[in-house]
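J.: I'd like to go over a predicted model; first the sequence, then the structure.
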Amino acid sequence: MSSTLERYDAAVDGFRRRLEPLAESDFSRPSPCEGWTSGDLVDHTIGAVTLVAGLVGDRVDDDKSSSFVERYDRATSDLRAKVADPVLGSTVVESPFGTLAVKQLVSSIVVHDLLVHTWDLARATDGDERLDDELVAHTFASMSPLDDVLREHGFGDKVDPPEGADAQTRLLCFLGRTP
């Protein structure tokens, strides 16, 4: 998987596969993100995608009266279309992580956010916690140099991974999770 859109599609699909089968009662379960329920986690994830998509082009309304799946599909489709657009995808924007083209922001931040929150959602709802190996490798390589910035933006302190931990466990520990 080499392109931004391929990584984005894989991350979007992974999160959606954990989201789609959930019942309304699942959204009140606590998430691994301190102080958040799984519903808060989903709302945050949709909000992050909507925020990035809103940096260019027309904004898509995040109608909170819709289901989480409908909101997620609308937000992720909007952002995908903007990344695929040669003009919008290459538009340089200001973000909390610096001045980046939208496509670069999606590749270096949004994909990673979706991937990690896929695990969070799965953990909170007893879902499949196994993440895409290629996305794990890409995320770890991209986020490792941002260690200090990540801690400033709400990521928990790193956790020491167990000896012989696999790549997913090392990534999650780096991001403050306890797998």
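T.: Right, received. Where do you want to start?
J.: What ranges does this protein have for its helices?
T.: For the chain, applying DSSP state H gives helices covering 4-19, 38-53, 68-84, 86-89, 102-105, 111-124, 133-143, 147-152, 167-174.
J.: Pick out the shakiest of those helices, pLDDT-wise.
T.: Sorting those by mean pLDDT places helix 147-152 lowest, at a mean of 82.
J.: In that one, which residues are buried?
T.: L150 (16 or more other Cβ atoms under 10 Å). In short, each C-beta sits where N, CA and C put it, glycine included.
J.: rewinding a little: ok, which of the helices of the chain comes nearest S28?
T.: Closest of the helices of the chain to S28 is helix 38-53, at 6.5 Å (criterion: Cβ to Cβ).
J.: and the closest one, what does it pack onto?
T.: helix 68-84, helix 111-124 (3 or more Cβ pairs under 8 Å, 6 or more residues apart in numbering; DSSP states H and E).
J.: any idea which of the ones you listed is most buried?
T.: Across the helices and strands packed on helix 38-53, the average number of neighbours (mean count of other Cβ atoms under 10 Å) peaks for helix 111-124, which reaches a mean of 24.
J.: Now T99: closest residue in space that isn't a chain neighbour?
T.: The shortest distance from T99 to any non-neighbouring residue, by Cβ to Cβ, 6 or more residues apart in numbering, is to V92 (6.0 Å).
J.: Now do the same contact list for S38.
T.: For S38, the contacting residues are L22, D26, F27, S28, R29, P30, S31, L121, A124, T125, by Cβ atoms under 8 Å, 6 or more residues apart in numbering.
J.: so how far is T139 from the most centrally placed residue in the chain?
T.: What sits nearest the mean C-alpha location of the chain, by Cα atoms, centre = their mean, is L114, with 1.7 Å. According to Cβ to Cβ, to the nearest Å, L114 stands 10 Å off from T139.
J.: hmm, back to that, the residue nearest to the centre of the chain contacts F15, correct?
T.: Yes: L114 is in contact with F15 according to Cβ atoms under 8 Å; the separation is 5.1 Å.
J.: Next, show the common contact partners of these two.
T.: T45.
J.: re earlier: tally up the residues packed near the residue nearest to T99, please.
T.: 13 (other Cβ atoms under 10 Å).
J.: Specify the beta-bridge partners of it.
T.: A101 (DSSP bridges).
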